[in-house]
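J.: okay, predicted coordinates and the sequence, questions at the end:
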Amino acid sequence: MKVKYDKETDILYITLSDDAIEESDEDKKGFILDYSKSGNLVGIEILNASKSSINPDKVEYEVVV
């Protein structure tokens, strides 16, 4: 998984897989979901990230076992 924030465009992108993107859907305004040919979720793009409830400057990662 990879998280990238572009301050210039104010877009936060979360890459979940290296699969090629076949289709993208904007289910909710400002949230674009990218899917592979087989229908698996490849990535999540959040537009205007700093204006949402998301803080793109702070990323926490937790693994629970």
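T.: Perfect, thanks for sending it.

J.: any idea how far K28 is from Y5?
T.: From Y5 across to K28, the span is 19 Å (CB to CB, to the nearest Å). To be clear about C-beta, it is placed using only N, CA and C from the backbone, and glycine gets the same treatment.

J.: so these two - more neighbours on which side?
T.: Y5 (18 against 8; other CB atoms under 10 Å).

J.: tell me what that one is bridged to.
T.: L12 (DSSP bridges).

J.: do D25 as well
T.: Beta-bridge pairing of D25 under DSSP bridges involves L33.

J.: centre-most residue in this protein?
T.: I44 (2.5 Å; CA atoms, centre = their mean).

J.: and the residue nearest to S38 when sequence neighbours are not counted, helix, strand or coil?
T.: In space, and not counting its chain neighbours, S38 is closest to D19: 7.8 Å by CB to CB, 6 or more residues apart in numbering. At D19 the chain is in coil, as set by DSSP: H, G, I helix; E, B strand; the rest coil.

J.: confirm for me that D19 is in contact with N40.
T.: Yes. Checked against CB atoms under 8 Å, the pair D19 and N40 is within contact range at 6.4 Å.

J.: which of the two has more neighbours?
T.: Neighbour count, other CB under 10 Å: between D19 and N40, D19 has more, with 16 against 12.

J.: shaky segments in this structure?
T.: Residues of the chain meeting the criterion pLDDT under 70: none.
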